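> I would like the atomic coordinates for the input below:
(5 chains)
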Amino acid sequence: MKYAYYPGCSLHSTATEYEETTRTVCATLGVELAEIPDWNCCGATSAHATNHLLSLALPARDLAKAEQMGLDVVAPCAACYNRMAQTIHETKDNEVLRHKVSQVIGAEYQGTVKAKSLLEVLAADIGPKVVEAKVQKPLKGLKVAAYYGCLLVRPPAVTGWDDAENPQSMERLMTALGAETVDWSHKTECCGASLTISRTDIVAKLTHDILDAAKAAGADAIVCACPMCQANLDGRQGLVEKTYKTQYHLPVFYFTQLMSLAFGKEPYKLGFARHSIDPRELLHSKEIA
Amino acid sequence: MRRVGVFVCWCGSNIAGMVDIEQVKAAAAKMPNVVYVEDNKYTCSEPGQAAIQKAIKEQNLDRVVVAACSPRMHENTFRRTVSGAGLNAYLLEIANIREHCSWVHPDKAAGTKKAVDLVRRAVYKVAKNVPLQRASIDVTKKALVIGGGIAGIQAALDIADAGQPVVIVEKTPSIGGHMAQLDKTFPTLDCSACILTPKMVDAAQNQNITLMTWSEVEKVEGYIGNFTVTIRKKARHIDTTKCTGCGICWSKCPAKLPSEFDLGLGQRKAIYVPFPQAIPNKPVIDEKNCIYFKTGKCKACQIFCPAGAIAFDQKDELIEEKFGAIIVATGYEQWDPSPYGEYGYGRYKDVITGLEFERLVNASGPTEGKIKRPSDGKIPKDVVIIQCVGSRDEAKGIPYCSKTCCMYSAKHAILLDEKIHAHPYVFYMDVRTPGKGYEEFYKRATEEHHATYIRGRVSKVYQKGDKLVCLGEDTLLGKKVAVEADMVILASAMVHQPAASKLAQTLGISYDQNHFYTEAHAKLRPVETNTAGIFLAGACQGPKDIPETVAQASAAASKAIGLLSKAKLETEPLVAQVNEGICSGCLWCKPICPYKAIDGKVIKERIAGGKTIERTVASVNASLCQGCGACTVACRTGAMNVLGFTNEHILAEVDALCL
Amino acid sequence: MSAIFTDHQAALRDEVRKLLTDGTIKGFIGYARGRDSYHPAPAIVTRPDQVDGLILDQFCIFGLTKYLLDYIFEDGKMGIVAKGCDSLALQRLITDHRVSRDKVHVIGLPCAGVINAEKVAQLGLGNVQKVTDKGASFLVEGDKGSRELAKTEYLWDKCLWCEHHNPAVADSKLGPEVENVAMKPRDYSDIEAMENLPPAEKAAYWTRQFSRCIRCYACRNVCPACNCRECVFDIADPRWVGNTVKLSEQQMFHFTRAWHVAGRCVDCGECERVCPMELPLMKLQHKLQKDIVKLFGNPKPFEPSEVEVLGQFRATEDPEEFM
Amino acid sequence: MEMEVLNLTAVGPAGAAFAAQVGAEAGTDVFSCYQCGKCSAGCPISYAMDYQPRQIMRLVQLGLKDEALKSSTIWLCASCATCTTRCPREVEIATVMDTLRAMARREGYPYKERNIAAFHRAFLNAVAGGGRAYELGMILSYKMATFELIKDIDLGLTWLRQGKLKFFPERIHGAAAVRDIFDKVREIERKEVAAQREGRPVAHEGTEGHS
Amino acid sequence: MSVNEKAAQAAGAATGPSTVAAATPAPEGWEPKIIGFACNWCTYAGADLAGTSRIQYPPNIRVIRVPCSGRINPQFVVRAFQRGADGVLVAGCHPGDCHYSTGNYFARRRYLLATRFIEYLGVEPERLEVRWISGSEGQKFADTVRELTEKIRALGPQRRLRETL
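Residues are numbered from 1 along each chain as shown, chains lettered A, B, ... in the order given. Here you go, the predicted model:
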């Protein structure tokens, strides 16, 4: 199984631990990643908040490169995945738009490749059975709340590979790793990542609601599949605790970190030190790391 | 030379506004065979029809063309008009210059040109028309009612009261339908069972009514007045002549399963009557779940049955019977709201449907009428009712209003307050109460029972502790609101029966995009189908409440009674006809006929030299033939034709339109 | 595959004589010598003494079955000789209820292919004396010379892909059955080439063909599937097809003729063979056959069956293109 | 403004044209909305908005362009698409928000949420400059634009220490190609706006953030 | 080929087949003449519904009402072309919905074959449209007529089978 790999900007900056563990997990599971040469930013929310054509053109340049490689794209970042899927969706049956986009990027974009999120590839294409077979150190006793956020599952017309209201793919992966999952209410609520810098107050409230719900459901930690979500839930947790005068201390993992851990990788190689809420104490207490 | 009169209708401004009537008249006057042209503001009105009759007499017309609305609208009207003037009813053609022209083409010049062409088509066609006579056929004096809910029961009782025999075919073990599941009925809050069960008993005891429960319609052949219906009488595994309905068998049966009648909220046995007042009060054995059928062991029912009525070896029976009329009363299903992931039906036990609530509140239901929430049996304090679940939601594939939910939600709100003093919060988009006493009933819910009505669709229901948080917008305030409820009732949509389209195909009737059966005319023929002799009653035709269902059932019954009371039926003469002179007798037409109306027959013929020979030709049974004409295309010679739509007609129409 | 019709000529005569003598048949439809050795003629014999005029040779291409239509109202049986392809034509008449099986006595003639007389006549061999089967070729000896002719080159095209070497309907057979395999697979490449032309070129091609038609109706008259008691082209009211010699009427005529035998054609190719203007009429029939195979999954569209392909349907399996 | 009576007849054809344009650009039928409020109820941010998302839809239906384009709602929308996902009439509300935002920017409406607009501009500047987002540079340029110098300094320093923020931007080889995309998009937009306006004066600030 | 060239080609392809057919220009004021054959129960009712719903469509079509799509002999279609129709619409109930239960299934077989055959004779395939249009599909009827009219307008007059004097 081979994919054109699109890391996206975050995985080269705030989320290097996601990038590293993505590569670790894929190597373990035999998913070959060929990084798209000279990829550019997908434009994220800012592009489609500004100009529709721009929001299609930026991902299209990357997709056109993947077309040349003849490979479907895998993107670990939910936002990048969503922008790519959106571009494919909108240009699929719209030849005029596809040509307009091709003109803008100065290369031919035909719409022949698919874009998948890393979670989809690992949970659906590879599947929990294969994952379970690779587990060396089951994550016994760890209770996680799987958090999907918005961009992995919405809008379903664009994404559509898991249930939009009560997705289960991450739960199935976590169960395969030996962890426990909680059924909770906020797994697809938005954390407001695109406002994290400009309207920190709003983000604090949204993050608070999510953390609250996870805690109430009895989770020890949150596991996610998006560098924005992780940055928000982890990085803003201190602010939330201060603003709302409460304590959570909920570590926020990338699902690939937990997979690597369960596959028996050295914990110190998994970037836990870069988390704002250090998860190592929790992992120690559960005798996982 | 024919003498054709052309009558151009204005239809007020409907046609005249968009088509130049004078131009059409002038063009018509020059068409072959046309000897008279006249226009009229409303040709279908009495003066309009009188004008046609006058012209037929005074101008000695032998053919008539009316250029007006669709023939589907007034062809029969004008057929009566011309026959009233002594002309054969079939010497008439309609040019549809309204639906196909003035209403769809805003360009008057182009529209007028098209109208002229359409008139020419009719003029050319009518020249080929010949007088046709209606034939008469016998009527089997018995009606079939498919479905034993309130619609079917009412229709059967009315037909039986008129002295005609009627058979009710019901697929479940008992008649009663959805109404038997309900607790109270709006707007009077009578107990549903109290008004339904007497009717069920009447149906069972009426000499003219035969009940066939646990039975399904398998095949329908024939035509109005003469349907031959094959009914599958499913094996009950009970000798109903011996069974007394004492109930020992189901008390002894060890196999417990969720009860369909209680929507899974209660249990039944593998041998069961669906509910205590079931009619007939004789059980059935559910083969799939019966321990004896699964393992060959048990037979507890047989051992304990004092009447010796258990018959494990009973088989399905196919019964063929003749009927003159069929009433379809197959009802509806409540929509399964699982596709609303955001409401958590199926995920949270205390999110239930309206029909489930009916069972919870029903004295003969699984909780004996105590409103307890399914998860922990707690009596709820705050209850949210969400209206339009499924209904009016195109994203969920149900674009229509289910019509009954506003009222039953108000009823649920009243019952919640009355029975357990719970506080009902009703999320609605519109409250629709167009019915006698309905608005007053809604008023009672809000004023006397203090139900909180919130205008807005709930966006999400989620569990928080032992509460279900319902997030909505109060759109009248423009504020997001949350209700922390103990139980949530989803007023789920009324949808078609799962097998509705299959039955439609068996019957040869049509259904709409929502799989409700289509009436012959939305306003003027609301209980008839396009297939003569088949009528509709109740929610199989579209969402309906009980009063409306009963009214429609009686209407359908009166149509059926009218049909059955005739000694003979007149048939449409527009059927296939064989020109025996040129028929080769190849009979390739025969397998194409859906009504098995074509067969070979041997005719005798004198040929050159004075010899008489025998040869086979195709022959059409005119009372079986419905005039579809599929056979004609298989006939290379053109020996097979359909009267009214002959090859001569259509070729002339093509030529007229291509001029 | 060795079978030479001439070898069975004597046996045929004997059998016909016997059948006529014992009253099994009241007449026999066969071949007689025509204007030269390449062109046999149809012959009807009713008396034993006429039987020696019957011939059989490797040029007996045309089917005789359609003559049976002249006898359907007469008492007694007619005899007929039929190759594999002719037997399909007979089946056509029987399934169309035009000829009743019990009124015809069929002498079957297993056939390894018929020589294209038009091609051989060009070779200047004079009147043919003898034909010998050499496996892949025929040795044709004429009074002005002899040649060994490769079957793949000198048989009629339809014989090359024929899968009906042995008669499907027969009361008796002349000689042993021959191996029933096609010499080459049925090939629709000429049809496909035609399909791939742009509309204007297709139109130009057919205009060239149809404008030559003289409406002699030979194609209709010879066709075993054109067996109506009264032909649509002869019916005046309604007149489906005008009978003036005009291009548009010729087109209508050829569309109608081809369409009327769509799914019923037995692929005998007689229409094209008899056309005096050499119109490629089988190009129409083969197009219909090809599509019937593809659309309705009927691998043998030219074998008459109880229900014709357009007289049946499969609700869910038939292609749906009209949504 | 709030106390004024909205004169619906005064909206006229321009209002209808606005509604039609929003529908066309967003590729959705704005008139399908029947004001059930499910969008607002599910919106995580609606509490902070001046108009509920449902009310924005209503403003668009009524052709009240100024009210819609001056609202904070269109800027606060985080594009989570919960509204679109749950809409019973299949209206793509999130796309309508995108459309209104782009329209407001194009037509020079004052940003109700200056900070959010500044963030988007800073982000795109970074992408247009080097082909990829460059968080530190972007954050610094955002802070220069918004004078929010102190806010988030803790988190920023932590992230720098953890290596989550880099001191130097990644530049891709195709940076020029990416910049070209921005230029072409701006050019197309300029032409389309001009065509739309047909002679009406084009009066708004620069069409692109990175200029 | 550059992106621009491809785009231009795609744009050209989108306007429909205009290659050979348009070689002879349409006479001034020419309007496509389209004959529709519609079954009484579905398509004719659908066309009526387009009328009652006031859904506008081009006035180029003239409908002949027949009981069932199974009644529509392909020879009628060729006759229409012969007599000068530029396009023909054959329409009936959706499969499974035939008022006579099976008529449209026979029609489907016949027209699967006839459309191909008529095309084979050199008539542009766009000129013969077969569609299932139900009684509730007034919009589909109007859309079908509009699309067919546009396609035929692009093709120009039908001369292939047309009777010439």
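
> does E:L121 touch C:F255 like I think?
Yes: with contact defined as C-beta atoms under 8 Å, E:L121 counts as touching C:F255 (6.7 Å). (Glycine included, C-beta is placed from N, CA and C.)

> settle it for me: which of these two has more neighbours?
C:F255 (26 against 23; other C-beta atoms under 10 Å in any protein chain shown).

> tell me the SS of that one?
Using DSSP: H, G, I helix; E, B strand; the rest coil, the structure places C:F255 in helix.

> so how far is C:D237 from it?
Per C-beta to C-beta, to the nearest Å, C:F255 is found 20 Å from C:D237.

> got the phi and psi for B:A27?
For B:A27, the backbone dihedrals are phi -70, psi -40 (criterion: degrees, to the nearest 10).

> which helix is the longest one in chain D?
Counting residues, the longest helix in chain D under DSSP state H turns out to be helix D:175-197.

> for that helix, packing partners?
Helices and strands touching helix D:175-197, as assessed by 3 or more C-beta pairs under 8 Å, 6 or more residues apart in numbering or on different chains; DSSP states H and E, comprise helix A:52-69, helix A:95-105, helix D:114-130.

> could you list the domains of the chain?
Because you didn't say which chain, this covers chain A. Using automatic domain parsing, the domain parsing of chain A gives A:2-118, A:135-285.

> oops, chain D please
Domain ranges of chain D: D:12-110, D:114-184, per automatic domain parsing.

> thinking again about what came up before, so which of the helices and strands packed on helix D:175-197 is nearest E:D48?
If you check each of the helices and strands packed on helix D:175-197 against E:D48 by C-beta to C-beta, helix A:95-105 wins as the nearest, at 35.3 Å.

> after the closest one, next one along is what?
Counting by DSSP states H and E, the next helix or strand C-terminal to helix A:95-105 is strand A:115-117.

> correct me, but A:A204 touches A:E241?
No: using C-beta under 8 Å, A:A204 is not in contact with A:E241, being 9.9 Å away.

> who has more neighbours out of the two?
For A:A204 versus A:E241, neighbours defined as other C-beta under 10 Å are more numerous around A:A204 (21 against 17).

> the more buried one should be in a helix, yeah?
Yes: A:A204 sits within a helix when classified using three-state DSSP.

> show me the contacts for it.
By C-beta atoms under 8 Å, 6 or more residues apart in numbering or on different chains, A:A204 lies in contact with A:R236, A:L239, A:V240, A:T243, A:Y244.

> so what pLDDT did the residue of the stretch 101-250 of chain A found nearest chain E get?
Chain E sits closest to A:S102 of the stretch 101-250 of chain A, with a gap of 4.8 Å, by C-beta to the nearest C-beta. Confidence at A:S102, expressed as pLDDT, is 93.

> now do A:K269
Reading off the model, A:K269 has pLDDT 88.

> so in the chain, where's the weakest helix or strand by average pLDDT?
No chain specified, so I'll use chain A. Least confident helix or strand, chain A: helix A:44-48 with a mean of 85, by mean pLDDT, DSSP states H and E.

> that answer is for a different chain, and I need it for chain E
For chain E, counting by mean pLDDT, DSSP H and E, that's helix E:3-14 with a mean of 41.

> helix or strand for B:Q577, which one?
Using DSSP H and E, B:Q577 falls within strand B:576-578.

> what is the neighbour count of the one residue in the stretch 51-200 of chain B that gets nearest to chain C?
Across the stretch 51-200 of chain B, no residue is closer to chain C than B:K128, which sits at 8.8 Å (C-beta to the nearest C-beta). With neighbours defined by other C-beta under 10 Å, the count for B:K128 comes to 19.

> what lies in contact with the least confident helix or strand of chain A?
Under C-beta under 8 Å, 6+ apart, the answer for helix A:44-48 is A:54-55, A:58, A:79-80, A:83, A:86, A:194, D:78-79, D:98, D:119-121, D:123-124, D:127, D:133.

> from the middle of its chain, how far away would it be?
With C-alpha atoms, centre = their mean, to the nearest Å as the basis, helix A:44-48 stands 17 Å off its chain's centre.

> buried residues in it?
Buried residues in helix A:44-48, counted by 16 or more other C-beta atoms under 10 Å in any protein chain shown: A:A44, A:T45, A:S46, A:A47, A:H48.

> restricting to C-alpha, output that helix in PDB.
Provided in PDB are the C-alpha atoms of helix A:44-48 (Å, rounded to 0.1, in the frame of the first residue of the first chain):
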ATOM      1  CA  ALA A  44      -6.500  26.100   5.500                       C
ATOM      2  CA  THR A  45      -9.500  28.000   6.800                       C
ATOM      3  CA  SER A  46      -7.900  31.300   5.900                       C
ATOM      4  CA  ALA A  47      -8.000  30.600   2.100                       C
ATOM      5  CA  HIS A  48     -11.700  29.700   1.900                       C
END
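
> doesn't C:H105 fall inside a helix?
No: in this structure, C:H105 is strand, not part of a helix, as judged by three-state DSSP.

> number of nearby residues for whatever residue of the stretch 1-150 of chain C ends up closest to chain D?
Closest approach between the stretch 1-150 of chain C and chain D, counting by C-beta to the nearest C-beta: C:T95, at 55.0 Å. Burial measure for C:T95: 19 neighbouring residues, criterion other C-beta under 10 Å.

> isn't it up against C:E306?
Yes: taking C-beta under 8 Å as the definition, C:T95 is a contact partner of C:E306 at 6.9 Å.

> what's the helix or strand for the closest residue to the residue of the stretch 1-150 of chain C closest to chain D other than its chain neighbours?
Nearest non-adjacent residue to C:T95, counting by C-beta to C-beta, 6 or more residues apart in numbering or on different chains: C:P304, 4.4 Å away. For C:P304, there is no host helix or strand (DSSP H and E).
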